[in-house]
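A.B. asks: Sharing a model prediction with you, sequence too.
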Amino acid sequence: MNATPHTVIGYSMIKLAGGNPFGWLLAFVSHLLADYIGESGGIKTPKQRVLFDIVPTIILFIASYFYGGSNEVWLVLLGCIFGNLPDLIDKKLYLAIIYPTKFKATIYLHWQKVLYNPKPLFVKYQGIAMVSFVLIIYLLKLC
C-alpha cells in the first residue's frame with residue numbers, strides 16, 4: 001500500500017486512541033494489516049507518485065491545521081510516522097526506493113503475503129479518496 005493510505009489509517013488510529021502511545025502502536029500495527037492489500041502497479045511514475053501519493057498527504061496536513069490547529073497537525077504527523085514506520089525501517093527512510101543500488105530494502109516487517117490485489121485504478125485513487133473522506137468528516141464536525 002502507498003504512503004497516503006498508511007498515513008490516513010495511522011492518523012485515524014491515533015485520533016481514536018487519543019494521541020497516546022497506544023494509538024502509536026495501533027498505527028504501527030495498522031500498517032502491517034494494510035499491507036495484506038497489494039499495490040498492483042497503480043502508481044508507476046514519479047509524477048504519479050507526487051500527484052496521487054504526496055499531494056493528498058500535503059492536503060491532509062493543511063486541512064488538519066485549519067480544522068484543529070497545530071495539535072491536529074501533530075496527530076497527523078504522528079499518524080504519518082507510525083503509520084509508515086515499517087516502510088521507513090525496511091526501506092531505509094525510503095532511500096532504498098530513491099537509490100536502489102546504494103541502499104537495499106529489507107523485509108524485517110514485510111512478511112505479509114498479499115491477499116487482495118485491487119485494480120490499478122483503485123490503487124491510484126485510494127489516497128485521494130481516503131483524504132477526501134477525512135475532509136468530509138472535518139466539514140461535518142465544523143457544521
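C.D. replies: Structure's in. What do you need?

A.B. asks: got the buried residues for the helix or strand hosting residue 24?
C.D. replies: Using DSSP states H and E, residue 24 falls within helix 21-34. Neighbour-count burial for helix 21-34 flags 23, 24, 26, 27, 28, 30, 31, 34 (criterion: 16 or more other C-beta atoms under 10 Å). In short, each C-beta sits where N, CA and C put it, glycine included.

A.B. asks: ok, now stretch 106-114?
C.D. replies: Applying a neighbour-count criterion of 16+ other C-beta under 10 Å, one finds 109, 112 buried in stretch 106-114.

A.B. asks: Check stretch 56-70 too.
C.D. replies: By neighbour count on 16+ other C-beta under 10 Å, the buried set for stretch 56-70 is 56, 57, 59, 60, 61, 63, 64, 67, 68.

A.B. asks: Tell me what angle the strand or helix carrying residue 65 forms with helix 21-34.
C.D. replies: Per DSSP H and E: residue 65 is located in helix 55-90. If you take axes from the mean of the first three to the mean of the last three C-alpha atoms, to 10 degrees, helix 55-90 sits at 90 degrees to helix 21-34.

A.B. asks: which secondary structure elements does helix 55-90 contact?
C.D. replies: Packing partners of helix 55-90 (3 or more C-beta pairs under 8 Å, 6 or more residues apart in numbering; DSSP states H and E): helix 3-17, helix 21-34, helix 120-142.

A.B. asks: closest to residue 48 out of those helices?
C.D. replies: Shortest distance between residue 48 and the helices and strands packed on helix 55-90, using C-beta to C-beta, is found for helix 120-142: 7.0 Å.

A.B. asks: Let me know the angle separating the closest one from helix 3-17.
C.D. replies: Using the same axes, to 10 degrees: helix 120-142 against helix 3-17 is 30 degrees.

A.B. asks: what sits up against helix 120-142?
C.D. replies: For helix 120-142, contacts defined as C-beta atoms under 8 Å, 6 or more residues apart in numbering pick out 1-5, 8-9, 11-12, 38-43, 48, 52-53, 56-57, 59-60, 63-64, 67, 118.
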